[in-house]
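> Sequence plus the predicted model coming up.
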Amino acid sequence: MADSSPNGIPAKNLPRSKRYEAGRVLRNRVARESHAACPPASGRDPVAILAETDGARIPELLPIRYGRILQSPFTFLRGAAAVMAHDLAAVPQVGAHVQACGDCHLMNFGAFNTPEGRILFDINDFDETLPGIDFTVDLKRLAASVAVAALDANMPEKKAHALAKATVRSYREFILELATKTPLEVWYTRMEIDQEVKRIADVKLRETIFSILVKAKKDLAADDNFPHLATTKAGVAHIEDRPPLIYHFDTPATKDYKIHAHSAFANYQSSLLPERRALVERYALTDIAFKVVGVGSVGTFCAIGLFMTADGEPLFLQVKQALASVLEKIAAPPPGFVHQGRRMVDGQRAMQAASDIFLGVTEDPKTNRQFYVRQLKNRHLGSIGEVIEVKALDVYANLCGRTLARAHARGGDPALLAGYMGKSEAFDDALGSFAMTYAAQTKQDHTRLKAARSTKADLAGH
């Protein structure tokens, strides 16, 4: 049995002491202090990088996409995963690979309920996930998002730097802890939201979060995301239009984007495990409507499927188009890779502590689009992350750091990562400095995009 791969990374079934020492040796390849360096902004055009996927998006939605991206430097960062992937492709890679989220910013974490009725905090967006990516890619994006969010909230630069550094420290310290656990203990580690909320010092904020949890737990079996959508018209359940963000494909401008829904959902059912297929078969597709979601996702095909039982009980499933991951700028996808939706589903199952039982994939032969399918999120639970992020950024950033560590430890080697990062704050200091430099660069990129869009609008007006 080989002790290591050709690149010097030890096999995961070696003693953790050897894997920890191998991580220490990786410091000779890329010094921890070197992570403070940020790739220069010169020589690349963030506006052009953002526009690379415009051709694959629905043209009528591009103004909404750029409108959301332009709201602030933080929304720019959220929508510019491709720009940051381009930048990070230029920096040295440690070689310690994980299943990466790919778009690991503060707002891509949140609370959700498990099939067992437990409420967990976890990563909740996997549009860009890819295996075989250096662990520093996700961590640098998370640290940068903390710095940008803090500066957007008018915090002093010193405070923003401290928060970004603390986020990295929380990741590193939890990796050190996970490195001592058995593989099964790591796999079953979960971030229980009711336990995490107890870390919040603000009593009123804790009470607010717990009240949200109580409200959400009252009926976890019922969809709580868009209850107003399930209305009746002539006795038939349908989705209520709320343009320009929710609408049917029944206008000249939208009819060309319509998919063959029944065929697509039939393909989806075939992708499920047998027992889950049996569950879905209890529902019939009643309606489908387009829904504009997120920031970076705007313009891709995203729809809501309304399914009903014979007794009028609703189930909402989200159908989301899967484009190529921005992380392909850094590393090639694994051999034999053919379906972008499968990439996203496999990545979510690898990183999340408990994944949605409705996760599946499908495609539309008519448009050659590939999709993944999941259940719509619980609206009350989805608000928890936003409340904590706004009112207790330090607690929220710390939680995100530890949650990312847990996710990376599942698909990566926590002993190897722990050995590389070590017990000192050298790595934390470096990424804290990186985060502040990248935050300044993000602000410049945001300004540059704003100028470019203004010029385009002026030209269009003439």
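Sure thing, it's come through.
> Could you check how far residue 300 is from residue 368?
Here the criterion is Cβ to Cβ, to the nearest Å. By it, residue 300 lies 14 Å from residue 368. For glycine as for every other residue, the C-beta is placed from the backbone atoms N, C-alpha and C.
> Compare these two (neighbour count), which wins?
residue 300 (22 against 7; other Cβ atoms under 10 Å).
> Return the residues in contact with that one.
Counting by Cβ atoms under 8 Å, 6 or more residues apart in numbering, residue 300 makes contact with 56-58, 320-321, 323.
> which of the residues you listed has the most neighbours?
residue 321 (23 neighbours).
> what residues are up against it?
By Cβ under 8 Å, 6+ apart, the contact set of residue 321 is 300-302, 369-371.
> and stretch 78-86, average pLDDT?
For stretch 78-86, the mean per-residue pLDDT is 95.
> what about stretch 358-368, start to end distance?
With Cα to Cα, to the nearest Å applied, stretch 358-368 spans 23 Å between its terminal residues.
> where's residue 29 relative to residue 36, distance?
Distance from residue 29 to residue 36, counting by Cβ to Cβ: 17 Å.
> go on, residue 316?
45 Å.
> More neighbours: those two, which one.
residue 316 (21 against 18).
> Specify the beta-bridge partners of that one.
Residues in a beta bridge with residue 316, per DSSP bridges, are residue 306.
> so it touches residue 373, yeah?
No. The criterion here is Cβ atoms under 8 Å, and residue 316 misses it with residue 373 at 11.1 Å.
> Give me the common contacts of these two.
residue 305.
> all helices for the stretch 101-250 of the chain, in order.
Remark: helices assigned in the stretch 101-250 of the chain by DSSP state H, counting those that start in this stretch are 135-152, 157-178, 183-187, 193-196, 203-217.
> follow-up on the earlier one: out of the contacts of residue 300, which are inside strands?
Residues of the contacts of residue 300 located in strands (DSSP state E): 320-321.
> Pick the one among the contacts of residue 300 closest to residue 396.
Nearest to residue 396 among the contacts of residue 300, counting by Cβ to Cβ, is residue 320 at 25.2 Å.
> Could you tell me the per-residue confidence at that closest one?
Looking at residue 320, its pLDDT reads 90.
> correct me, but it touches residue 371?
Yes. Residue 320 is within contact range of residue 371, at 6.1 Å (criterion: Cβ under 8 Å).
> JSON lines for the helices of the stretch 101-250 of the chain, including mean pLDDT?
Formatted as JSON lines, the helices of the stretch 101-250 of the chain follow (pLDDT from 0 to 100):
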{"stretch": "helix 135-152", "mean pLDDT": "96"}
{"stretch": "helix 157-178", "mean pLDDT": "97"}
{"stretch": "helix 183-187", "mean pLDDT": "96"}
{"stretch": "helix 193-196", "mean pLDDT": "84"}
{"stretch": "helix 203-217", "mean pLDDT": "74"}
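> neighbours around residue 450, how many?
Neighbours of residue 450 under the rule other Cβ under 10 Å: 15.
> Let me see the residues that make contact with stretch 287-297.
Identification of contacts with stretch 287-297 by Cβ under 8 Å, 6+ apart yields 61, 64-65, 68-69, 75, 78-81, 103, 125, 127, 229, 237-239, 241, 244-249, 254, 257, 261, 298, 301-306, 318-320.
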